[in-house]
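Asks: I would like the atomic coordinates for the input below:
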Amino acid sequence: MPQSDLVRTGIAGLDDILPGGIPRGNVILVEGAIGTGKTTIGVEFVYRGAHEFDEPGIIVLFEVSPYKLMRDALQFGWDLEELERRNRLKIVFTTRDVLRQELQQADSVLLAEASKIGARRIFVDGVARLIGGNGTSESRSSFHVLTEGLQRENLTAVLAVEASANNGNSPASLPEESISDTVIRLRMEDTQRAVSRSIEIVKSRGQDFQMGRHTFRILDGKGVQVYRRVQAPRKADREQGGAVEPGTRVPTGVPGLDEILNGGYFVGSTTVVAGVSGVGKSVMALQYIAEGARRGERSLMLSLDEQIPQILRNAASIGIDLQESMKSGLVRLEYEPPQEIEVDVHFHHIEQLVREFKPHRVVFDSLSTYGSTLGTKGRIFRDFFHALIALMKESQIAAVYNHENPEMLGMTSMMGEFAMSSLVDNIILMNWIELGDSFRLGITIAKMRANPVDRVTRECKVVNGAGMRVMPRTLPVPKQPFSSYSGLVSRAPVRNIRKREGVAPDEESGE
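Replies: Next up, the predicted model:
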């Protein structure tokens, strides 16, 4: 449909799922229980038209006084009183009986007012009792009268109807739905004592739209913000994203690691660093971010585990000054508390960061916290992770995901219950290895897609002020090197003793 035939709602995110707006002249039914946001959406629809699109509008109220409506609108930054003074908006406070009679008369005072200000939009707050109820032929006839009166004046109308039964998973059908051109259903979603709002386009004649429940919020100073569900398709080329330059490598910044990674990660690749708590995953991540800043590349770190002051402190302990890199605009740190995280809102925020900051490297800390928040049994986490990977590849970002695998001294799965190994390009395993009376840190490259892999476990060390480094295979130290043991990946090392004539085991090892 040509854009000129579409009415843009102006509500952030809503035009993206419609998409582009609503066909002009459509009768839009917004249904939902008390408190779902019907009035706010209707008022914003009219306000945006009058304020931004040169489309004056009318708001019809039955219960809420104009004074309270204008007072409440100010918290969103909408000055309805000023628009009324400029004849861009008309607020009508009346009864349902009067409005019913008005719409049936050719010389309606209401429609005359609409014509006087050149109204193109109208919002009627609460139509259920205006047309009767129970789905009778009389109520359907009354609704026809209402819609015909609005369409006669070429008004694009939003009609709010209270529908308490529509707050469940199997909503009841309203008789007005079949007559309306567009039906928007609002819900309050309960999730483990938390509550979020969702919006669903049930139908919209004359256009395509993105189906399913999308999250929305009502924000002070802004109004309604709709966030597309994370599973919804984005641009067609996002799902086809990949490394444009397969020969380009992104160095890790960890001494000794790039040598066993064939020079670093591919551009646009996905890497999971998995290991138990305390093995140095965050240290590796900080060095990866710092290496990007050293090379003049923008780097982004999103954390659900540590707040920004703690990240800066940890970086300083290994000799990395991230504050200077942040001041220069090369590093950005973002923290979001995982409690009651809304996946659609969170993914929208990540999309904004990628679009505005344009990072070359991104670290997510950590994948396991996402799993514990979103759950790993259903589709939500897997769909979210799929969407993240597609976004990173489309933007040609080398992304690293830290993941806490609770398996410590034995390994049956590289990613535990997450079962996401097939989706990632690279997997780096880190774990403690018990030798004698001490734990030593080991690193193994378990997977590198499209790369030769030397699956040899090497020792790592984390040194204050210097960070992590991967040690050479043969260590000139008075301890048995890893090459003297087998069974390191299974975390059940056995010392290899080779008997040579005239040489005792201790002499052969140098101890």
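Asks: please make it C-alpha for all contacts and neighbour counts, starting now.
Replies: Noted.
Asks: where do the strands of the stretch 201-350 of the chain begin and end?
Replies: 213-219, 223-227, 249-250, 265-266, 270-275, 299-303, 331-335 (DSSP state E, counting those that start in this stretch).
Asks: what lines up beside the longest one in the sheet?
Replies: Read it as strand 213-219. strand 194-204 (antiparallel), strand 223-227 (antiparallel) (DSSP bridges).
Asks: closest one to R295 among those?
Replies: Closest to R295 of the strands paired with strand 213-219 is strand 223-227 (Cα to Cα; 34.9 Å).
Asks: can you give me the mean pLDDT across the closest one?
Replies: For strand 223-227, the mean pLDDT works out to 97.
Asks: so how far is it off the chain centroid?
Replies: The chain centre lies 14 Å from the centre of strand 223-227; the measure is Cα atoms, centre = their mean, to the nearest Å.
Asks: ok, back up a step: out of the strands paired with strand 213-219, which gets nearest to F266?
Replies: Taking Cα to Cα, strand 223-227 is the member of these nearest to F266, at 31.1 Å.
Asks: export only the CA atoms of that closest one, formatted as CSV.
Replies: The C-alpha trace of strand 223-227 is given here as CSV (Å, rounded to 0.1, in the frame of the first residue of the first chain):
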residue,chain,number,x,y,z
GLY,A,223,4.3,7.9,26.2
VAL,A,224,3.8,4.4,24.7
GLN,A,225,6.9,2.5,23.5
VAL,A,226,6.2,-0.8,21.6
TYR,A,227,9.0,-3.4,21.4
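Asks: just the buried positions in it, please.
Replies: Across strand 223-227, burial judged by 16 or more other Cα atoms under 10 Å covers 223-227.
Asks: please enumerate residues in contact with it?
Replies: Under the criterion Cα atoms under 8 Å, 6 or more residues apart in numbering, residues 11-14, 40-41, 44, 76, 199, 214-219, 344-345, 348 lie in contact with strand 223-227.
Asks: ditto for stretch 49-61
Replies: 8-10, 43, 46-47, 83, 87-94, 114, 117-126.
Asks: distance of the closest residue to Q225 other than its chain neighbours from G77?
Replies: Once flanking residues are discounted, Q225 sits nearest to A12: 4.9 Å by Cα to Cα, 6 or more residues apart in numbering. Using Cα to Cα, to the nearest Å, one obtains 14 Å as the distance from A12 to G77.
Asks: wait, what's in contact with E189?
Replies: For E189, the contact set (Cα under 8 Å, 6+ apart) comprises 167, 195-198.
Asks: helix, strand, or coil at it?
Replies: strand (DSSP: H, G, I helix; E, B strand; the rest coil).
Asks: any idea how far it is from K327?
Replies: 41 Å.
Asks: ok, I497 next?
Replies: For I497, the distance to K327 (Cα to Cα) stands at 55 Å.
Asks: compare these two (neighbour count), which wins?
Replies: Set I497 next to K327 and count neighbours by other Cα atoms under 10 Å: I497 wins out with 13 against 10.
Asks: isn't there a strand covering that one?
Replies: No: per three-state DSSP, I497 lies outside any strand segment and is coil.
Asks: about what we covered before: give me the lowest-pLDDT entry from the contacts of E189.
Replies: N167 (55).
Asks: now V254. Nearest residue, chain neighbours left out?
Replies: Nearest non-adjacent residue to V254 (Cα to Cα, 6+ apart): R469, at 5.6 Å.
Asks: tell me which element the one you found falls in.
Replies: Element membership of R469, judged by DSSP states H and E, is strand 467-470.
Asks: need the strands of the stretch 201-350 of the chain in CSV with distance to R449, can you?
Replies: Formatted as CSV, the strands of the stretch 201-350 of the chain follow (distance: least, Cα to Cα, whole Å):
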stretch, distance to R449
strand 213-219, 35
strand 223-227, 33
strand 249-250, 13
strand 265-266, 10
strand 270-275, 10
strand 299-303, 23
strand 331-335, 28
